[in-house]
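Peer 1: starting from these lines, generate the structure:
(chains A and B)
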Amino acid sequence: MAYGPGQVLQGKFSRRSFIKTTAAGVVTGAMTGGAFLRQAAADGGLRSIGLGVSEINEIQGQATKDLGFPVAGQALGYGEMFSKMLNQNDQYEIAEGYYNDMRVMAPAKVWQPIDTKKLKDWDKVTDLTKTGKLTPESSEGQGDAPFRLMWCDESGTIVKGPSQYIIMVPAWHNADSLGYNPKATGRPIESWGELLSKDFKGKVALLNVPQIGVMDAALAIEALGLKKFGDKGNMTKAEIDFLIDYLIPLKKAGHFRAFWENFGQSVNLMVNGEVALESMWSPAVAAIQAEGVPCVYAFPKEGMRGWHGGLAISAKVKGKQLDQAYEYINWWLAGWPGAFVARQGYYHSIPDNAKKYLAAEEWDYWYMGKPAAKDLSDPFGTVIIKKGDVRTGGSYWSRYSKINVWNSIMQENDYLVKRWTEFLTA
Amino acid sequence: MTTVESYAKITHGEVAPRGLIGGAPAVLDETKRKFRREPGFPVPILIAPATLWLIVFLFLPLISIFIFSFWKTTGHGMTPAFTLEHYRDFFITEGFFDPKKPEFLTPSIFLRTLWTTFRFTITVMAICLILAYPLAYFLSMQVEDFKWQLTLFLLAMVPFWTSYLIRAVAWLPMLGRHGLINEFLVGIGAIDEPVSFFLYSEFSYTMALVQLYVVLAVGPIFFSLAKIDRTLLEAARDMGATPFQIFREIIAPLSLPGVAIGMIFVFVMIMGEFATAVVVYGGKTSTTGTVILNYYAIANYPFAAVNAFMLMLAMMIGVVVILRLVDIRKEL
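Peer 2: Numbers count the residues shown, from 1 in each chain, chains lettered A, B, ... in the order given. As a prediction, the model looks like this:
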């Protein structure tokens, strides 16, 4: 099952080419990806696995050029990435993973503690991941925020930070919310509560990943004032029951048009006029607009749902490869890849380093929230931002001052999946 | 060659005409046939590759799934143990034995999901049979020319040439709110507003599954119908049987093995379904396949194993029931 923080769509965003690229991606992922990885290992380089967000040929290609040893990347679907990271840590050196999986990965000890003293730019990494507050006024947000799960001791056990060791080096991140077609909704969407509004009955879609779908629904229920959750990132059984029991009659009444599982589906749902609003990953907006359908990414007043990716080193890595792993991570932090993914809307843990590799207009649009001074392209050269466009939610700092909740794995995860199954079967 | 001539040839010890269509079965001495073996490679060499393959890639994994279903989950994997708690969770919900609770005697969601998966599979199988049988009958009985038979049969298989994903996704522009059917209905004034009922509904799910798997039923039924000795039908006609009698007494019983094999294919495929529902049903249902996937995704492997094992058991029971209804060995 492909889920998670977003998926990269290369080239033009047409529906037909999406199917093609997906199919091609599956083939290359399965065939050449594995071969690349083996080759890189044979040549004394690094193998890296992750999602299409950070595993992009251009990025690992540039690393190979800059570092002088081969770095091979393999982009997987979320499910495959998760189980490969967890069960086959001899099959990769670098895991480009996500903090919301840390409650599983850390106790499994599949990754080794990373010494921050060996990270050149560690001091420049913002406080978003160190203390949870990007600016002193920021709220930390509920759930698996990186600062709660990043710090560890020498043995790799999670500790309350700060400490000298971390399990994963923070890198790319973003915040998700709702995407909507303003023509279909007839009004701007400014709250998560709209997801459950009767006005949009039969025109709403949720993400079919229990851990995330349930959080979006909880944000909506809280916004409507129906219930206050103690911690939406770690709900109690009673809270999960309340939520699912509220959703089941809605589903029976036909409130939800669909539950999507991958990026392409979320795009198609809106392009085909099946939904008016849905939970969405931000790159989908550009993809939908490219099809001539108006689409806005909402910045709900309750705050967004954040997620954060980073780089971890397999516990099996040692010697020369360990030095290379640190080199690769230092190269990531230095900014080139951060600038690369910024053109798709993702932020870097050291904004100033990404800035070095961005044009002034790009920096102003993506980070500062200013109107685009000219047409802007995605990393592959397709214009996705028209002159004058403004990113919703304002600057990076204003967006991240208000993260409501972070993608999480709850302690009651099993129970959650069980009740979610019941919800879908209802 | 007339029928009488062909039989005359067979009885004279010649080999029966072998061929796909209308080939008369060789009339051989039963006892001889049972023990006769073609000379050539020894049996162990012939069956070794398949046996090895099955042991390594089927039996061992199946056994490990069964063993894992008793292990304990750690939150990030599993450890060897012997616990029945996953089986308990599969069958019953908390409060099952408590008359005061609303869950009293309610089977768990996982058992109910398996049941809905099964019920739905039966529906799709029935529709597949209704569509496939006449089609196969037409191909084998009404089309005389072998070339045409083969051509039409291959044409019926065309959907199988494209990838699974394309076949499923192709329904979207057809059934959607702004899809062909809706545009057409609005165009001719049959409806005022596009209806949402066509897509992301049980309707679209059923349609897509039938279209995806009906060819699996057509093939075997076609072959078993084609194998029926035409002289039998001729004889029945000569003796004054009506077409319906011929069908009931000869064609239907003789085509049963094909029906059984076709239904087994469809049954097994749809019981294991999890992807089609996402595409054409908008993920608005759960099958045991999706449950397995969801628990695999959160590293609860033992519980995924329990579901996988129960699904396999349900499939095996289904196949046994079908084989009980039709004795394929005897009929073939």
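Peer 1: could you pull out the strands in the stretch 51-200 of chain B for me?
Peer 2: Secondary structure of the stretch 51-200 of chain B, counting by DSSP state E, counting those that start in this stretch: strands at B:72-73, B:78-79.
Peer 1: for chain A, which of those is the nearest?
Peer 2: Among those, the nearest to chain A by Cβ to the nearest Cβ is strand B:72-73 (7.9 Å). Quick note: C-beta positions are derived from backbone N, CA and C, even for glycine.
Peer 1: ok, that closest one: who's next to it in the sheet?
Peer 2: If you go by DSSP bridges, strand B:72-73 pairs up with strand B:78-79 (antiparallel).
Peer 1: name the surrounding residues that touch the partner strand.
Peer 2: Residues lying outside strand B:78-79 but in contact with it, judged by Cβ atoms under 8 Å, 6 or more residues apart in numbering or on different chains, are B:68, B:71-72, B:301-302.
Peer 1: what's the answer for stretch A:242-254, then?
Peer 2: Residues outside stretch A:242-254 that contact it (Cβ under 8 Å, 6+ apart) are A:196, A:201-202, A:214, A:217-218, A:221, A:226-227, A:235, A:256, A:419-420, A:422-423, A:426, B:284.
Peer 1: only the buried residues of it, if you could.
Peer 2: By neighbour count on 16 or more other Cβ atoms under 10 Å in any protein chain shown, the buried set for stretch A:242-254 is A:242-244, A:246-248, A:250-251.
Peer 1: pLDDT score for the residue in the stretch 251-400 of chain A that chain B sits nearest to?
Peer 2: Closest residue of the stretch 251-400 of chain A to chain B, Cβ to the nearest Cβ: A:Ala258 (2.8 Å). On the pLDDT scale, A:Ala258 is placed at 94.
Peer 1: repeat for the one 3 residues further on
Peer 2: In the predicted model, A:Glu261 carries a pLDDT score of 85.
Peer 1: equivalent analysis for A:Arg15, please.
Peer 2: 35.
Peer 1: which residues touch B:Leu209?
Peer 2: Residues near B:Leu209 by Cβ under 8 Å, 6+ apart: B:124, B:270, B:273, B:276.
Peer 1: can I get the residues you listed in JSON lines with secondary structure?
Peer 2: Below are the contacts of B:Leu209 laid out as JSON lines (DSSP: H, G, I helix; E, B strand; the rest coil):
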{"residue": "B:Val124", "secondary structure": "helix"}
{"residue": "B:Ile270", "secondary structure": "helix"}
{"residue": "B:Glu273", "secondary structure": "coil"}
{"residue": "B:Thr276", "secondary structure": "helix"}
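Peer 1: just to revisit the earlier point, pull out the buried residues from the contacts of stretch A:242-254.
Peer 2: Among the contacts of stretch A:242-254, those classed as buried by 16+ other Cβ under 10 Å are A:196, A:214, A:217-218, A:221, A:235, A:256, A:419-420, A:422-423, A:426, B:284.
Peer 1: in the stretch 101-250 of chain A, what residue is nearest chain B?
Peer 2: Going by Cβ to the nearest Cβ, chain B is nearest to A:Ala108 of the stretch 101-250 of chain A, at 3.8 Å.
Peer 1: does that residue really touch A:Ser83, like I thought?
Peer 2: No: contact between A:Ala108 and A:Ser83 fails when scored by Cβ atoms under 8 Å: they sit 11.4 Å apart.
Peer 1: the two: who's more crowded?
Peer 2: A:Ala108 (19 against 15; other Cβ atoms under 10 Å in any protein chain shown).
Peer 1: got the phi and psi for the more buried one?
Peer 2: Backbone geometry at A:Ala108, expressed as degrees, to the nearest 10, gives phi -70, psi -10.
Peer 1: hmm, what's the outermost residue in chain B?
Peer 2: The centre of chain B is farthest from one residue, B:Lys100, which by Cα atoms, centre = their mean lies 42.8 Å away.
Peer 1: near chain A, anything from the host helix or strand of B:Ser255?
Peer 2: Element membership of B:Ser255 [criterion: DSSP states H and E] is helix B:252-271. No: Helix B:252-271 stays clear of chain A (Cβ under 8 Å from any Cβ of the partner chain), getting no nearer than 15.9 Å.
Peer 1: which helices and strands sit right next to that helix?
Peer 2: For helix B:252-271, the packing partners by 3 or more Cβ pairs under 8 Å, 6 or more residues apart in numbering or on different chains; DSSP states H and E come out as helix B:109-137, helix B:202-226, helix B:301-325, helix B:328-331.
Peer 1: what sits against residue 300?
Peer 2: Using chain A here. Applying Cβ under 8 Å, 6+ apart, the residues near A:Pro300 are A:177-178, A:189-192, A:219, A:223.
Peer 1: wrong one, I was asking about chain B
Peer 2: A:414, A:417, B:73.
Peer 1: shaky segments in the stretch 101-250 of chain A?
Peer 2: The stretch 101-250 of chain A contains no residues with pLDDT under 70.
Peer 1: got the residues of it near chain B?
Peer 2: Counting by Cβ under 8 Å from any Cβ, the residues of the stretch 101-250 of chain A near chain B are A:103-105, A:107-108, A:202, A:205, A:208, A:210-211.
Peer 1: the residues you listed in strands, which ones?
Peer 2: Taking DSSP state E as the definition of strands, these contribute A:Ala205.
Peer 1: please pick the buried ones from the residues of the stretch 101-250 of chain A next to chain B.
Peer 2: Among these, those buried by neighbour count (16+ other Cβ under 10 Å) are A:103-105, A:108, A:205, A:208, A:210-211.
Peer 1: secondary structure element for the residue of the stretch 251-400 of chain A closest to chain B, which one?
Peer 2: Using DSSP H and E, the element containing A:Ala258 is strand A:256-260.
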